[in-house]
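Q: just a sequence and a predicted model for now, questions to come.
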Amino acid sequence: MDTLLANQSGHPRCCIAGGGPAGMVLGLLLARAGVPVVVLEKHLDFLRDFRGDTVHPSTLEILHELGLLDAFLQRPHDRIEELRATIEGRSIPVADFSHLPLHSKFLVLMPQWEFLDFMCDEARRYPGFELWTDAEAIGLLQDKGRVNGVKVRRGRWAGQPQDVELHASLVVAADGRHSALRDAAALPHISYGAPIDVLWMRIPKKPGDPEATAGHVAGGHFLVTLNRGDYWQCAFVIPKGGHADLQGRGIVAFHAEIARIAPFLATRLLSALPDWDAVKLLEVTVDRLESWSCPGLLCIGDAAHAMSPVGGVGINLAVQDAVAAANLLAAALAGAASDKEIDTLLPQLQRRREWPVRVTQAAQRLVQDRVLVPVLSGKGPAATGRVPWPLRMLARWPMLRRLPARAVGMGVRPEHVQSPRA
Ligand SMILES: Cc1cc2nc3c(=O)[nH]c(=O)nc-3n(C[C@H](O)[C@H](O)[C@H](O)COP(=O)(O)OP(=O)(O)OC[C@H]3O[C@@H](n4cnc5c(N)ncnc54)[C@H](O)[C@@H]3O)c2cc1C
């Protein structure tokens, strides 16, 4: 595990905290450019359910630019060329990806552990890459006001915790929306709150089920069913703070609510969700750091800007941050750039990526407030079974479906790989 540290000057050039989409993609790109890099992941593996499954056409384009797309598409996945919404049983086309000006004119649904495992396999081809699992970043090391490393707790899951210090020219916080490192650096953030939370659960599939991943609206509820091969990964949207109330009504009442939205699931709910242990609460937050960096430290992905699940775009934004960070920093980190030279580059990432994040978060908050809250409170056309006028227009004019496809599939200011290959 520690070959890099033993072989070289004792420390990696860059230390990335967080083995999620942002951290793994940046780790791969830096290692590809010849930068010695250590990625710290606090868990033992990538096998966690609640990460989101969408890989967007713009992320697939990045993989194409890296020459990895064909190999990536060998992993188990589901392709979506069209997104549909189901309102009281009526299926309405919303977005058509087949006209995007990209190599992949579709969105991929792939369990995120497959995506991360693929990135890790590719990164390991480069000698400068190391992934430390069971390694939690618990604090920052500083010298004369500059971050110059991370305090790491290793072996917690193995039952033998040991704290070590890892020094690096640059520390990247890619440790998600509860980032320990951004807190340790006391970087102030703007919190927008969120009016929703999500309940996350698995329900087995049966022959005769619809095939497609879909969003269902009925009876004042909203449910997304993600096709994961032999089971449905389900996301049930609830009003913020509504979890205790729902639990108070009992699991059988919850079954009835799901059966009302997606009747095809009704007969298997008792065995799939016998009690509340089978239902995970995922808290939704939307926030953004005022400053994404300080000397020696850069924040990317959800650590810099926690995204709502609306539109399923958070992974894509995290990947775009990673690509932009590598474009900005890889040559300097691979070369002999001084700490001071690296520090002068760091604010440029925020200047490039903040605008796409602001636009996307504004759109997510609009959908949360104008679509989801009215549905959940039983108000508005969708809640009463009527199809809202924007959806009626999309259903009527196929050309219009290219707009949401572009917004979701490509996002704002898509990045391209410019970082070098050593
Ligand atoms: C309910 C819900 C559903 C969502 N669904 C989708 C979706 O379908 N599609 C989509 O695109 N986006 C979705 N999102 C948003 C998406 O999950 C995030 O925007 C995206 O995962 C951000 O990637 P990241 O790499 O920045 O952070 P994360 O994915 O959160 O990864 C952070 C990583 O760092 C590790 N870590 C945390 N702390 C430490 C530490 N101290 N030391 C070391 N490692 C640490 C974590 O274990 C994790 O592996 C959803 C969000 C929510 C809340």
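A: Good, I have the coordinates. Numbers count the residues shown, from 1 in each chain.

Q: show me what the longest helix seen in the chain is packed against.
A: Looking across the chain with DSSP state H, the single longest helix is helix 339-367. Helix 339-367 is packed against strand 146-154, strand 287-289, strand 293-294, strand 297-299, helix 314-334, with contacts defined by 3 or more Cβ pairs under 8 Å, 6 or more residues apart in numbering; DSSP states H and E. No exception for glycine: its C-beta is placed from N, CA and C like everyone else's.

Q: near the ligand, which residues of the stretch 251-400 of the chain?
A: 282, 284, 301-303, 307, 309, 312-316, 318 (Cβ under 6 Å from any ligand atom).

Q: returning to what we had before: so how far is the longest helix of the chain off the chain centroid?
A: 16 Å (Cα atoms, centre = their mean, to the nearest Å).

Q: one step back: can you redo the helices and strands packed on helix 339-367 as CSV with mean neighbour count?
A: Formatted as CSV, those follow (neighbours: other Cβ atoms under 10 Å):
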stretch, mean neighbour count
strand 146-154, 21
strand 287-289, 19
strand 293-294, 22
strand 297-299, 28
helix 314-334, 25
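
Q: between these, which gets nearest to Pro398?
A: helix 314-334 (24.3 Å; Cβ to Cβ).

Q: got the angle between the closest one and helix 339-367?
A: Angle of helix 314-334 versus helix 339-367, following axes from the mean of the first three to the mean of the last three Cα atoms, to 10 degrees, is 170 degrees.

Q: quick revisit: turn the residues of the stretch 251-400 of the chain next to the ligand into JSON lines, including pLDDT.
A: JSON lines is the format used below for those (pLDDT from 0 to 100):
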{"residue": "Leu282", "pLDDT": "91"}
{"residue": "Val284", "pLDDT": "93"}
{"residue": "Gly301", "pLDDT": "98"}
{"residue": "Asp302", "pLDDT": "97"}
{"residue": "Ala303", "pLDDT": "98"}
{"residue": "Met307", "pLDDT": "95"}
{"residue": "Pro309", "pLDDT": "90"}
{"residue": "Gly312", "pLDDT": "86"}
{"residue": "Val313", "pLDDT": "91"}
{"residue": "Gly314", "pLDDT": "93"}
{"residue": "Ile315", "pLDDT": "94"}
{"residue": "Asn316", "pLDDT": "93"}
{"residue": "Ala318", "pLDDT": "97"}
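
Q: between those residues, which sits nearest Leu69?
A: Closest to Leu69, out of all of these and judged by Cβ to Cβ, is Asn316, at 15.3 Å.
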